[in-house]
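> The following block contains a protein sequence and its predicted model.
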Amino acid sequence: MNDASTDQNPLATYPAANLERLKVVAAKYDPCRIFQTLQNGGFLFFPYRELDYRNV
């Protein structure tokens, strides 16, 4: 069930190695972060404040 509220960080509950692996895979298959950018809210691997739009 997906019932996390906006003040929670469900990604922080992932084991560090798993979360890092997910970030590596996301960077490999979506280097321009299109899926992260177009995602309307939710819990993102790369929050907007971390995006460098000069490289998109």
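Sure, I can see it. Numbers count the residues shown, from 1 in each chain.
> pLDDT weak spots in this structure?
1-3, 40-41, 46-56 (pLDDT under 70).
> which stretches of it form helices?
Taking DSSP state H as the criterion, the chain carries its helices at 16-29, 34-38.
> Of all the ones you listed, which one comes closest to residue 5?
helix 16-29 (19.8 Å; CB to CB). All C-beta atoms are positioned from the backbone trio N, CA, C, and that covers glycine.
> Tabulate the helices of the chain (JSON lines), appending distance to residue 4 and mean neighbour count.
Shown next, in JSON lines, are the helices of the chain (distance: least, CB to CB, whole Å; neighbours: other CB atoms under 10 Å):
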{"stretch": "helix 16-29", "distance to residue 4": "15", "mean neighbour count": "11"}
{"stretch": "helix 34-38", "distance to residue 4": "18", "mean neighbour count": "12"}
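> out of these, which comes closest to residue 45?
Closest among the helices of the chain, once you apply CB to CB, is helix 16-29, at 5.3 Å.
> so how far is residue 34 from the residue nearest to the spatial centre of the chain?
When CA atoms, centre = their mean is applied to the chain, the residue found nearest the centroid is residue 45 (1.4 Å). Taking CB to CB, to the nearest Å as the measure, residue 45 falls 13 Å from residue 34.
> quick revisit: got the helices of the chain as CSV, with distance to residue 7 columns?
Below are those laid out as CSV (distance: least, CB to CB, whole Å):
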stretch, distance to residue 7
helix 16-29, 19
helix 34-38, 21
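> for these, which one sits closest to residue 8?
helix 16-29 (15.2 Å).
> Show me what that closest one packs onto, helices and strands only.
Judged by 3 or more CB pairs under 8 Å, 6 or more residues apart in numbering; DSSP states H and E, helix 16-29 is in contact with no other helix or strand.
> I'd like the distance from it to the chain centre, please.
Its chain's C-alpha centre and that of helix 16-29 lie 9 Å apart, by CA atoms, centre = their mean, to the nearest Å.
> and that helix, C-alpha only, in CSV?
Below are the C-alpha coordinates for helix 16-29, written out as CSV (Å, rounded to 0.1, in the frame of the first residue of the first chain):
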residue,chain,number,x,y,z
ALA,A,16,21.6,2.3,1.7
ALA,A,17,23.1,-0.2,-0.8
ASN,A,18,19.7,-0.8,-2.5
LEU,A,19,19.0,2.9,-2.8
GLU,A,20,22.4,3.6,-4.2
ARG,A,21,21.9,0.8,-6.7
LEU,A,22,18.5,2.3,-7.8
LYS,A,23,20.2,5.7,-8.3
VAL,A,24,22.9,4.1,-10.4
VAL,A,25,20.4,2.3,-12.6
ALA,A,26,18.3,5.5,-12.9
ALA,A,27,21.4,7.5,-13.9
LYS,A,28,22.3,4.8,-16.5
TYR,A,29,18.9,4.5,-18.2
